[in-house]
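Novice: got a predicted structure plus its sequence, pasted below:
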Amino acid sequence: MKFPPTLPGIYIDSQWSSGPQALTVTNPASEQVLTHVAGADGVTAERAVSAAQQAFPRWSTTTGAERAVFLRAIARGVEAQRERLVQVQATNNGKPVSEAAIDVDDVIGTFDYYAQLAEGLDARQDAPIELPTADFAARVRREPCGVVGLIVPWNFPMVTTAWKLAPALAAGCCVVLKPSEVTPLAELELAAIIASSGLPAGVFNLVCGTGVEVGTVLSGHPGIAKVSFTGSNAVGVQVMQRAAESIKGVSLELGGKSSLLVMADADLDLAVELACGGGYFNAGQMCSATSRVLVAAPLYERFVERLKARAEAVKVGDPFEPGTEMGALVNLAQYQRVLGHVQKGLAAGAKLLCGGARPAELAVGYYLQPTVFTDVPLDSALWREEVFGPVLCVRAFIDEAQAIELANDSDYGLVASVVSADAATGERVANALQAGLVWLNAPQVIFPQTAWGGYKQSSLGRELGPWGLQAFQEIKHVVRAV
């Protein structure tokens, strides 16, 4: 795809403009510069917050049904631009077009879902509360929390934006969005769709820029009622610290080091496919990657043999090439970071079963072979830290209790997968795992109706489902004497 040499990276009060930051956007598959985005500085971010504050009194008093009209218009706009958005995501992010298509469909489904929830808000507003006395009456209101700052990552462009933006708008909040400076092109396309939806000026504002310039302002701005951040734990801590200065609400979606448990009665072919899906989808650049694969000892040798063969057969290459299963890592910094994890694993004594290097046939692009380690020390960085790349660590377990213990022995608790032919076993293990979402004999399917978020250091709060809407609402009770 071709883009203009420079794109405006600021959308405030329904007006596009350029800013002082020159953000270079590259194609990770070719290492070529795609365009430059003229992004915002801190002063511009302040202006975006001001525009949202001006729009909030009017937008917050619209009905849920009125807001649903705009949400559905955005969904239809994305639907109409589906093919272009798939191309943009694959070009800027490096993921295969098949994965990019899943992302775009997720965005459509998310806006439609929150339009439906918004339509139901009015009937539930001012619901009566049963009290233990007839001397008083009470009612409950759910009101928008205010202007919100949304800071989203580069691994799922537009998807994480939809997960935050759709419920925020449905709740009646005004928004300032900061896309990742690495992959801003999909969000710029989405902003253009929103602009054509007729959404009132100031309700949605976008400021491209770095975390230092823009993210810091949004996290600490006293005019922001809540900040919702998805990204690394290190930055999440900084966001929370900045937010604490003005006692604002915070939602954090952070890291993961999740496990796939292959029980003794598992279908081996299914287990191998789920392991590859959990480790190599989006080149492993996902917080939900099940990068720790725990296998019942009787199956271990056969599983490892099949996994090695399947990993080596994964077609890595051009996102637009038919049959490509895994694309490039997002940029040079991430590529080097993952290679660093591979080297740390080797230094710790882990056994490299396959992968760990650039595919020989791909001299250009940030490509890495699907990688499998065995004999990984339990105290090593490779076992305990998030790699965010196509790297799996495989370990045998003796019994169900040990499997659960190994899976739960983590600072994170985002997701888990269980493979078992016995429904009772699957349910029992799922109930014992410290994770926000568990898949049983299933790929990592995500629905807008089910919550996203985890235990421990993985999350603070939940996204998606009715919980995602509630994250942008305040509760007000009105009690009166009868």
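Specialist: Arrived safely, thanks for sending. Numbering: from 1, shown residues only.

Novice: domains of the chain?
Specialist: Partitioning the chain according to automatic domain parsing yields domains covering residues 6-254+458-481, 259-447.

Novice: list the buried residues for the host helix or strand of Glu143?
Specialist: Using DSSP states H and E, Glu143 sits in strand 136-144. Residues Arg142, Pro144 are the ones in strand 136-144 that count as buried (16 or more other C-beta atoms under 10 Å). Where you see a C-beta, it was placed from the backbone N, CA and C, and this is true even at glycine.

Novice: could you list every helix and strand in contact with the helix or strand following it?
Specialist: Scanning the chain past strand 136-144 towards its C-terminal end, the next helix or strand to appear is strand 147-151 (assignment: DSSP H and E). Strand 147-151 makes packing contacts with helix 42-59, helix 159-171, strand 174-178, helix 216-220, strand 226-230 when contacts are defined by 3 or more C-beta pairs under 8 Å, 6 or more residues apart in numbering; DSSP states H and E.

Novice: okay if I get the domains of the chain as CSV plus mean pLDDT?
Specialist: Written out in CSV, the entries for the domains of the chain read as follows (pLDDT from 0 to 100):
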stretch, mean pLDDT
domain 6-254+458-481, 97
domain 259-447, 98
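
Novice: related to what we said a few turns ago, who wins for proximity to Glu273 among the helices and strands packed on strand 147-151?
Specialist: Closest approach to Glu273 among these (C-beta to C-beta): helix 159-171, 22.7 Å.

Novice: what sits up against stretch 105-115?
Specialist: Residues from elsewhere that reach stretch 105-115, judged by C-beta atoms under 8 Å, 6 or more residues apart in numbering: 68-69, 71-72, 74-75, 78-79, 82, 85, 158-159, 161-163, 166-167, 169-170, 190, 446-449, 464, 468-469.

Novice: the same query, at a cut-off of 7 Å, please.
Specialist: Contacts made with stretch 105-115 from outside it, assessed by C-beta atoms under 7 Å, 6 or more residues apart in numbering, are listed as 68, 71-72, 74-75, 78-79, 158-159, 162-163, 166-167, 170, 448-449, 469.

Novice: distance from the chain centre to it, please.
Specialist: Distance of stretch 105-115 from the chain centroid (C-alpha atoms, centre = their mean, to the nearest Å) equals 15 Å.

Novice: how about that stretch, which residues are buried there?
Specialist: Taking 16+ other C-beta under 10 Å as the neighbour-count basis, stretch 105-115 is seen to contain the buried residues Asp106, Val107, Ile108, Gly109, Thr110, Phe111, Asp112, Tyr113, Tyr114, Ala115.

Novice: swap in stretch 441-457?
Specialist: By neighbour count, with 16+ other C-beta under 10 Å as the criterion, the buried positions of stretch 441-457 are Asn441, Gln444, Ile446, Pro448, Ala451, Trp452, Gly453, Gly454, Lys456, Gln457.
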